[in-house]
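K.L.:
Need a 3D model of the sequence below.
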Amino acid sequence: MQCDYALKLLVVFGVLLIVSVTSLGQHTSTVQHVPGAGGWTCASNARSATGGSCQGMLPATPCSIPDARPITEERAYFSNTVEQTIAELVPRFKSTNLGRLFGNCLPNTLDTTVYKESSQHDAFIVTGDIDAMWLRDSANQVMPYVAMAAEDTSLRFLLMGVIRRQARCVLTDAYANAFTHDKSDRSPHTNDRTWSPAFAGTHRAGMQPGVFERKYELDSLANVLLLSGKFFAVTQNVEVFDDDWVAAVRRIVDVIQTQRTQVAGVDQAEYSFQREAFNPTDTLSHGEMWPNRRTGLIRSAFRPSDDATTFPYLIPANALTVVALRSVSFVLAAIRKDDLSAACLLIAREVEEAIYHHGVVTHASGEKVFAYEVDGFGNHLFIDDANIPSLLSLPVFGFVNATDPIYASTRALLLSPETNPYFFQGPAGKGIGGPHNGVNYIWPMSIMVETWTESNDAAILSHLDLLVNSSACTGLMHESFHVDSVFTFTRPWFSWANSFFGELVLKIAKERPHLIFKD
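P.N.:
Have a look, this model is predicted:
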């Protein structure tokens with residue numbers, strides 16, 4: 001099923017490439033907004049697209065967003081509540097294109113990424129065009145459905161299956177970020193040099209059956225906890241939180257405590273990773289993280305982008321972990337695991353205190369801001385990466401409110417090319433990218449986060465227009481697009497971005513319905 005859908009997307013993408021290449025010789029210079037259409041057009045001005053300001057970055061005519069869902073018979077998983085939500089909301093949109101894009105994106109995880117045999121006992125969800133299950137991605141792919149799970153048995157069973165599969169993944173290897181469906185499935189990363197300590201000071205290979213990739217990312221573990229906590233908060237269902245799940249939570253807490261206390265070059269590393277790679281961010285120097293001092297923070301070898309950290313204390317991941325530990329503590333209390341619940345709350349308090357002690361720094365502008373990464377020696381990195389958790393997304397997962405003064409100062413500096421080296425702007429738009437795809441590639445996910453944390457109605461509408469345009473007439477969200485052309489994009493099938501866009505639109509529909517609905 002996944003292969004059939006990917007093939008259909010590639011055919012559509014191929015047609016779009018032909019259209020965009022054909023239009024390169026067309027005369028464009030100024031960009032005009034098409035009110036209510038969520039599309040743009042370039043005014044004819046007899047200038048080459050490579051020299052004019054449009055530069056082929058947007059459709060040559062107002063774009064009509066297509067139906068990008070598989071036919072009903074080829075959809076992987078069905079939810080009556082999701083279908084009813086789409087049927088009820090889509091006709092109400094002022095912008096037909098925004099409505100269609102929402103109708104494509106909200107169900108995309110269900111339509112295309114759930115393995116057919118998934119049930120309440122086990123559910124495997126691929127990230128999209130990569131046939132593997134990332135802990136972080138899978139949690140966020142299903143996150144929009146959590147709010148519907150109390151009334152929708154189908155969604156509740158799917159979420160229970162995901163939670164159970166994630167617990168088994170953690171018990172397989174808590175330092176791995178992605179897993180195969182079956183242990184017999186081969187990973188392309190089997191040559192990675194990664195190991196864990198074994199008996200009598202020896203080591204054992206980390207790439208074991210069932211592991212697709214073994215990059216230790218703190219946020220992956222935090223997302224496992226957060227999904228469980230949110231599921232319980234909505235459903236009050238404790239059936240899924242069995243012995244395996246409790247063992248997985250204990251293992252996560254063990255990893256957190258280990259990475260709070262280990263010092264690179266001093267303690268025997270519990271985790272090591274090296275890969276032969278073209279990009280230095282795809283591996284760790286000498287297999288270990290940057291030197292650190294103990295701070296009470298939790299180290300992370302890699303970021304949510306799967307890129308290596310510069311300094312090991314990744315502040316957004318630590319902030320997400322604080323929220324996740326508090327969330328899962330309620331589950332643990334409900335199933336009478338009071339010792340583990342208390343441990344989660346204690347760690348959350350200590351890590352939060354460490355964030356404000358070590359992770360809040362004075363920027364060159366003189367303002368107090370959250371750093372992206374620190375090392376405990378006083379060094380810090382002030383950037384942002386589009387992937388969540390990011391500094392920009394701190395209010396999205398509830399670490400701070402968007403009105404928090406430190407966050408507000410941080411946000412303003414992150415959304416400027418003068419102070420954030422990964423904020424890009426060009427004819428096709430502006431937003432945050434990251435090292436993963438390099439300079440001048442904007443990630444729609446960052447625009448979604450900017451929209452989520454925005455309080456100005458006009459700015460929200462502008463961001464929504466940019467998101468619609470960034471789909472490049474495909475009807476789906478992408479990983480990133482080039483500042484010069486929305487048609488130059490990465491990953492045509494990136495389900496996390498689709499789910500997050502659906503979740504964003506649902507939030508706006510609830511809080512600011514006048515912005516997007518006719519009634």
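K.L.:
Thr453 against Arg411, yeah?
P.N.:
Yes. Under the criterion of C-beta atoms under 8 Å, Thr453 is in contact with Arg411, at a separation of 6.7 Å. Where you see a C-beta, it was placed from the backbone N, CA and C, and this is true even at glycine.
K.L.:
Quick check on these two: which one has the bigger neighbour count.
P.N.:
Neighbour count, other C-beta atoms under 10 Å: between Thr453 and Arg411, Arg411 has more, with 23 against 19.
K.L.:
lowest-confidence helix or strand of this protein?
P.N.:
strand 30-34 (a mean of 30; mean pLDDT, DSSP states H and E).
K.L.:
who's in contact with the host helix or strand of Gln84?
P.N.:
In this assignment (DSSP states H and E), Gln84 forms part of helix 80-89. Defining contact as C-beta atoms under 8 Å, 6 or more residues apart in numbering, one finds that helix 80-89 is touched by 99, 102-103, 106-107, 110, 145, 148, 151-152, 154-155, 506, 509, 517.
K.L.:
how about 6 Å then?
P.N.:
Helix 80-89 is contacted from outside by 103, 107, 148, 152, using C-beta atoms under 6 Å, 6 or more residues apart in numbering.
K.L.:
cool, stretch 246-263 as well?
P.N.:
For stretch 246-263, the surrounding residues in contact (C-beta under 6 Å, 6+ apart) are 167, 170-171, 174, 221, 270, 298-299.
K.L.:
got the CA positions of it in CSV?
P.N.:
Below are the C-alpha coordinates for stretch 246-263, written out as CSV (Å, rounded to 0.1, in the frame of the first residue of the first chain):
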residue,chain,number,x,y,z
VAL,A,246,6.0,0.2,32.9
ALA,A,247,9.3,-1.5,32.1
ALA,A,248,9.8,0.8,29.1
VAL,A,249,9.1,3.9,31.2
ARG,A,250,11.7,2.7,33.8
ARG,A,251,14.2,2.2,31.0
ILE,A,252,13.6,5.7,29.8
VAL,A,253,14.1,7.1,33.3
ASP,A,254,17.3,5.1,33.6
VAL,A,255,18.6,6.6,30.3
ILE,A,256,17.7,10.1,31.4
GLN,A,257,19.5,9.7,34.7
THR,A,258,22.5,8.2,33.1
GLN,A,259,22.7,11.1,30.6
ARG,A,260,22.3,13.6,33.4
THR,A,261,25.4,12.3,35.2
GLN,A,262,27.8,11.1,32.5
VAL,A,263,30.7,13.3,31.5
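K.L.:
can you give me how far it is from the chain middle?
P.N.:
Relative to its parent chain, stretch 246-263 has a centroid offset of 23 Å by C-alpha atoms, centre = their mean, to the nearest Å.
K.L.:
Can you lay out the contacts of stretch 246-263 as a markdown table showing pLDDT and secondary structure?
P.N.:
Below are the contacts of stretch 246-263 laid out as a markdown table (pLDDT from 0 to 100; DSSP: H, G, I helix; E, B strand; the rest coil):
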| residue | pLDDT | secondary structure |
| --- | --- | --- |
| Ala167 | 98 | helix |
| Val170 | 98 | helix |
| Leu171 | 97 | helix |
| Ala174 | 97 | coil |
| Leu221 | 98 | helix |
| Glu270 | 89 | coil |
| Ile298 | 98 | coil |
| Arg299 | 98 | coil |
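K.L.:
Type out the PyMOL command that picks the buried ones from the residues you listed.
P.N.:
To isolate the buried ones among the contacts of stretch 246-263 in PyMOL, judged by 16 or more other C-beta atoms under 10 Å, type:
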select buried, resi 167+170+174+221+270+298+299
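K.L.:
Closest one of the contacts of stretch 246-263 to Val331?
P.N.:
The closest of the contacts of stretch 246-263 to Val331 turns out to be Ala167 (C-beta to C-beta; 12.2 Å).
K.L.:
Can you tell me the element Ala269 falls in?
P.N.:
Assigned by DSSP H and E, Ala269 falls within no helix or strand.
K.L.:
so how many other residues sit close to the residue nearest to it when sequence neighbours are not counted?
P.N.:
Excluding the flanking residues, the one nearest Ala269 by C-beta to C-beta, 6 or more residues apart in numbering is Glu288, at 5.7 Å. Glu288 has 17 neighbours, counted by other C-beta under 10 Å.
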